[in-house]
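Visitor: give me a model of this one.
(one chain, ligands or ions: 1)
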Amino acid sequence: MHLPWGAISPGSWAVPGLEKIVSYYKYHVFFCTNQRDNGEQCCAQCGAAEIRAYAKARIKELGMNGEGGVRINTAGCLDRCELGPVLVVYPEAVWYSYVDREDIDEIIDQHLIDGRVVKRLLI
Ligand code: FES
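Guide: Now for the predicted structure:
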């Protein structure tokens with residue numbers, strides 16, 4: 001399989017009872033965009049939908065979307081509201097909070113391209 005940005009190859013791991021699992025996406029990123037109408041903290045009030053749309057567009061612009069690449073998805077409440085806005089990157093289950101597009105660029109460049117966790121944004 002050809003990967004447009006080179007360094008990343010699809011993840012694979014062993015699961016008891018199966019020979020080998022190869023993930024369809026290298027990274028699956030879920031952005032909570034949940035909106036609460038009761039005044040409690042929620043990711044939507046921090047601009048999560050706009051930032052998720054930015055991330056999705058940026059991944060596509062970089063040619064990283066699609067099979068073997070990166071999928072950006074919307075999620076409902078991930079139950080870490082007080083730390084929001086939040087996103088989680090699978091398969092590692094690495095959780096981040098972010099403030100702006102620069103934080104997303106850093107997650108894309110460092111984690112999704114280089115495979116290194118962005119420690120300053122971890123939650
Ligand atoms: S509203 Fe985003 S984690 Fe709950």
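Visitor: hey, let's count contacts and neighbours off CA atoms from now on
Guide: Noted.
Visitor: near the ligand, which residues of this protein?
Guide: Residues of the chain lying near the ligand by Cα under 6 Å from any ligand atom: Cys32, Asn34, Cys42, Cys43, Cys77, Leu78, Asp79, Arg80, Cys81, Gly84, Pro85.
Visitor: how many residues are close by the first one?
Guide: I take that to be Cys32. Applying other Cα atoms under 10 Å, we find 26 residues neighbouring Cys32.
Visitor: now it. Nearest residue, chain neighbours left out?
Guide: Counting by Cα to Cα, 6 or more residues apart in numbering, Cys32 lies nearest to Ala75, which is 4.6 Å off, once chain neighbours are set aside.
Visitor: how far away is that neighbour from Ala55?
Guide: According to Cα to Cα, to the nearest Å, Ala75 and Ala55 sit 14 Å apart.
Visitor: the two - which one has more neighbours?
Guide: For Ala75 versus Ala55, neighbours defined as other Cα under 10 Å are more numerous around Ala55 (22 against 14).
Visitor: tell me the contacts of the more buried one?
Guide: Neighbour list for Ala55: Ile72, Ile104, Asp105 [criterion: Cα atoms under 8 Å, 6 or more residues apart in numbering].
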